[in-house]
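> Starting from these lines, generate the structure:
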Amino acid sequence: STTALEGLPVMSREELLKVALENGGYSTPSLNDTLYLHYKGYRRIENLDKYDGLKSLWLHSNGFERIENLDHLKELRCLFL
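Coordinates of the predicted model:
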């Protein structure tokens, strides 16, 4: 996984693809309707622009200071913080 200077994981495109596939998702980002990104240690929400089909997003138990970069997720119905 890609890490920031502090040694914490970064929500990179590669990391998102890896997590999607580990949880039975698809390699084409827009086909995924759920992403399980909880308990990962992310500090920032980013690189979700191609995941525009998400209906459920699990983000709890990370280290976010701000909830951001989710405006484009028009199908999102469940956001777990």
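> Where does pLDDT dip in this structure?
For the chain, the stretches with pLDDT under 70 are 1-5.
> same thing but 90
Along the chain, segments meeting pLDDT under 90 span 1-9.
> Can you show me the strands along it?
Counting by DSSP state E, the chain has strands at residues 34-36, 56-58, 78-80.
> Which of those strands sits closest to residue 72?
Nearest to residue 72 among the strands of the chain is strand 56-58; the distance by C-beta to C-beta comes to 12.1 Å. Where you see a C-beta, it was placed from the backbone N, CA and C, and this is true even at glycine.
> partner strands of that closest one, parallel or antiparallel?
Sheet pairing for strand 56-58, assigned by DSSP bridges, gives strand 34-36 (parallel), strand 78-80 (parallel).
> What are the buried residues along that strand?
Buried residues in strand 56-58, counting neighbours by 16 or more other C-beta atoms under 10 Å, are found at 57, 58.
> The residue lying closest to residue 21 once chain neighbours are set aside: how many residues sit nearby?
Nearest residue to residue 21, sequence neighbours excluded (C-beta to C-beta, 6 or more residues apart in numbering): residue 27, at 6.5 Å. Using other C-beta atoms under 10 Å, residue 27 is surrounded by 9 other residues.
> thought residue 27 was touching residue 17?
Yes. Using C-beta atoms under 8 Å, residue 27 is in contact with residue 17, at 6.5 Å.
> residue ranges for the helices of this protein, please.
Along the chain, counting by DSSP state H, helices occupy 13-22.
> Spatially central residue for it, please.
Residue closest to the average C-alpha location in the chain (C-alpha atoms, centre = their mean): residue 37, at 5.1 Å.
> That residue contacts residue 57, correct?
Yes. If you go by C-beta under 8 Å, residue 37 and residue 57 touch, sitting 7.1 Å apart.
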